[in-house]
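Student: Model the following, please.
(chains A and B, ligands or ions: 2)
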Amino acid sequence: MIKNYFLRHAQVFFYSLGQLTRTPVATLLTMAVIGITLALPAGLYVAIDNIQRLARGWEDNGQISLFLKQDVSVAAAEKLSNKIRRTPGVAWVDYISREAALAEFKRLSGFGEALKALDSNPLPAVLIVHPSPAYANPDALQTLLKELRHYNEVDIAQLDLEWVRRLHAMLDLAQQSVFILAAGLGLAVLLIIGNTIRLAVLNRRDEIEITKLIGGTNAFIRRPFLYAGTLQGLLGAIFAWLLLALALLLLSTPIQNLASLYGSQFEAESLSFLATLALIGIGGLLGWLGSRLAVGRHLRAIEPR
Amino acid sequence: MTMINFAHVAKRYPGGFDALRNINLNIDAGEMAFITGHSGAGKSTLLKLITAIERPSRGEATVNGKNLLRLPRRRIPYFRRDIGIIFQDHKLLFDRTVYDNVALPLIVTGADQKEIPRRVRAALEMVGLLDKERMYPVTLSGGEQQRVGIARAVVNKPPLLLADEPTGNLDSALSDEILDLFLGFHHHGVTVLIATHDWHLIDRARQRIIELKQGELLRDTGQKK
Ligand SMILES: Nc1ncnc2c1ncn2[C@@H]1O[C@H](COP(=O)(O)OP(=O)(O)OP(=O)(O)O)[C@@H](O)[C@H]1O
Ligand SMILES: [Mg+2]
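Tutor: Ligands and ions are numbered 1, 2, ... in the order given. The predicted structure follows:
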C-alpha cells in the first residue's frame, strides 16, 4: 500500500517533468524569469557578505590611542610604553612624544605661526598600541582598552574603530534591505508561478473536467500542478545559482586586481553550501505555494456541465 | 433492491427555467431503461442529477444508496466512482493513448499497479479494441472512439452505467453494435440507463421506456417482467 503510494507519486512527478519538457521554450522562459528574480537578492546578499568579510580584515588593523596626561615625563612615558608592550595581546607600541606630536600638527594643520605664540605645548604625548592578531576583534579590543585606561598616566584612551563600526552599521542596514527586497521579489516569484500554473490549469480544462467526472478528487487533480510548480521553482533557483556563479567568475579577475593594489589576498566567495541549499529550498517552496494558491482557486471554477 | 429513486423531484436552472417537474421514478439494481423524449425534454438533466453534476431543486433523490440532497461536495468523487458515464462526444483525452484513456479511472481510484494492465485489456477486449491500445483517439473512427469511452466507463466495474445519446453520430450498424454491448452489461447485472431519441435503438432493445415531455414524466412502461 505504502509502496503503491510512492509509486503513484513518482509517476506523477515524471509525468509533470515530461509535461515541462514538452514545452521547452515556455519552461526555459519561466525558469529564466524566476532565476533572475531570485538571483537579484541572492547576488546582493553575496556582495554584502563579501564586504563584511573584507571589513573584518580591516578590524584587524584596529589600534588603541592612549593620550597621556600633561605632567607625565618622557622617561615615565617610555617606561609605561615598555610595560604595555609586555601586556598579553599587545604586538607593539609606538611612542609619539609631545614635541613630535606638535611638529606633526604644525606640519599638517598649517597653524605653525599661531602655535608659536603659545608659551607651552598644548598637545599630549600619545602611545599607539597595536594589538596582536589574536586580539584583533572588537570584543578583545574593548577588554584591552578597559585595561589600559586604568594606568594613572593615561588621560584618554580611545579605540580607533569608529569608522569600521559605522561601516558595519551600514552593512547591517543594507542586509535588512536585502531581506525586504527578497521578500518583495519572493512575492513576485509566487505570482509568476501562480500565473503559469493558472494557464496550465486552463489549458487542461477538459482533462480536469473529465477527471472529475470519473471520480478524481481535488487532491488527485492538484498533484501534477503542484509538482510542476515546485519543479519550476527548483529549476529557477538552480538557474539563479548559475547566474551568480557566472557573475562571480566574470568579476573575479577585476576583484583580484583591485585587492592586489591594496596588498590584499582577498578573494570574493560565492554562496556557502548552506546558503545554496536555502536558495534552492526557497525556490521549491515558492513554487509549491504559488501553484497551490493558483490551483486551489481555479480548480473550484472547473466543474463538469 | 433500488438503484435510483426519485420522489417529486424538480430541477429549476438558474434563470428560472423548469427543466424537470415532479418526477417520480424507481429503478431497481440490474434493470435496463431508456429515457426518451423530444429535444429539451429534460433527458440530459435527469442524467446530470443522477451523477451529481446538478442538484435537484426539490424532492427526494437517492442513487446507489446515497441521498443526493445531502451528499457533501467532497464525497462526490467517491460517489461517482460507482457510476460509469458515457457521453455522446466521448470526452476522451486526445493527448493520451487508448490504453491510457481506459486506465484513467483505475489510476484515479488508486488501483493496484499490477492489476491495471490486466483490467484495461479486459475492458478493451470487451469492446473489441485490444489491437488499438497504442493508438491515439484522433486516429480512430467515431464508433471506435465511442467504444473507447465505453471501455473507460466499465473498466472499474461500476454497478450503474449511464449513457447520454451514445449512438448520436453513428450509423445504424454501429449503433446496433453499441446496443449489443449495453445489453451484454445488463445481462451481467449492471444497471443501465440510456438517454436517446433513437427509436430504432429503443424498439430493438425491448426494454423499459421512460418518456419525458417538457420536463414531466409522460410515460413509464415500468419494470420489465
Ligand atoms: N445549465 C442550464 N441552464 C439553464 N437551462 C438549461 C441548462 N441546461 C439545460 N437547460 C434547459 O433545460 C431544458 C432541458 O435540457 P436537457 O439538456 O435536459 O434536454 P434534453 O432532453 O437532453 O435535450 P436534447 O435531446 O436536445 O439533448 C432545455 O430547455 C435546456 O435549454
Ligand atoms: Mg441531452
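Student: Can you report how many residues lie near residue A:300?
Tutor: Other residues within reach of residue A:300, judged by other C-beta atoms under 10 Å in any protein chain shown, total 10. From N, CA and C alone the C-beta is placed, and that goes for glycine too.
Student: what's near enough to touch it?
Tutor: Residues near residue A:300 by C-beta atoms under 8 Å, 6 or more residues apart in numbering or on different chains: none.
Student: Could you point out the longest helix of chain A?
Tutor: helix A:218-261 (DSSP state H).
Student: Give the next helix or strand downstream of that one.
Tutor: Counting by DSSP states H and E, the next helix or strand C-terminal to helix A:218-261 is helix A:273-301.
Student: How about that next one, which residues are buried there?
Tutor: Within helix A:273-301, the residues that qualify as buried are A:276, A:279-280, A:282-295, A:298-299, counting by 16 or more other C-beta atoms under 10 Å in any protein chain shown.
Student: again with stretch B:148-163
Tutor: In terms of neighbour count (16+ other C-beta under 10 Å), stretch B:148-163 has its buried residues at B:148-156, B:158, B:160-163.
Student: just stretch B:126-139 next, same as before
Tutor: For stretch B:126-139, the neighbour count (16+ other C-beta under 10 Å) marks B:126, B:127, B:129, B:132, B:133, B:136, B:137 as buried.
Student: Would you mind pulling the contact partners of it?
Tutor: B:90, B:92-99, B:101-102, B:120-121, B:124, B:140, B:144-145, B:147-148, B:150-151, B:154, B:181, B:184.
Student: In chain B, what residue spans correspond to helices?
Tutor: Under DSSP H, chain B gives helices at B:43-50, B:76-80, B:98-108, B:116-126, B:142-154, B:172-187, B:199-205.
Student: now for these, which one comes closest to ligand 1?
Tutor: Among the helices of chain B, the nearest to ligand 1 by C-beta to the nearest ligand atom is helix B:43-50 (3.2 Å).
Student: Give me the helices and strands touching the closest one, please.
Tutor: strand B:2-12, strand B:18-28, strand B:32-37, strand B:160-164, strand B:191-195 (3 or more C-beta pairs under 8 Å, 6 or more residues apart in numbering or on different chains; DSSP states H and E).
Student: Quick check: the gap between residue B:212 and residue A:186.
Tutor: Remark: distance between residue B:212 and residue A:186 (C-beta to C-beta, to the nearest Å) = 57 Å.
Student: which SS class is residue A:120?
Tutor: coil (DSSP: H, G, I helix; E, B strand; the rest coil).
Student: And the pLDDT for it?
Tutor: At residue A:120, the pLDDT value in this model is 77.
Student: Same check on the one 4 residues further on?
Tutor: According to the prediction, residue A:124 has pLDDT 87.
Student: Just list whatever residues bridge to the closest residue to it other than its chain neighbours.
Tutor: In this structure, residue A:124 finds its nearest non-sequential neighbour in residue A:67, 4.6 Å apart by C-beta to C-beta, 6 or more residues apart in numbering or on different chains. Note on residue A:67: beta-bridge partners by DSSP bridges are residue A:126, residue A:156.
Student: same thing with residue B:5?
Tutor: Beta-bridge partners of residue B:5, as defined by DSSP bridges: residue B:26, residue B:62.
Student: Correct me if wrong: it contacts residue B:28.
Tutor: No. Counting by C-beta atoms under 8 Å, residue B:5 does not reach residue B:28; the two are 9.6 Å apart.
Student: Which one's more surrounded, the two?
Tutor: Higher neighbour count among residue B:5 and residue B:28: residue B:5, with 17 against 13, using other C-beta under 10 Å.
Student: can you pull out the strands in the stretch 101-250 of chain A?
Tutor: Ranges of strands within the stretch 101-250 of chain A are A:126-131, A:154-159, based on DSSP state E, counting those that start in this stretch.
Student: For ligand 1, see how far away the residue nearest to residue A:124 is.
Tutor: 92 Å (C-beta to the nearest ligand atom, to the nearest Å).
Student: pLDDT weak spots in the stretch 151-300 of chain A?
Tutor: Within the stretch 151-300 of chain A, the stretches with pLDDT under 70 are A:161-162, A:262-264.
Student: What residue in it comes nearest to ligand 1?
Tutor: Closest point on the stretch 151-300 of chain A to ligand 1, by C-beta to the nearest ligand atom, is residue A:209, at 14.4 Å.
Student: do the same with the stretch 1-150 of chain A
Tutor: residue A:19 (31.8 Å).
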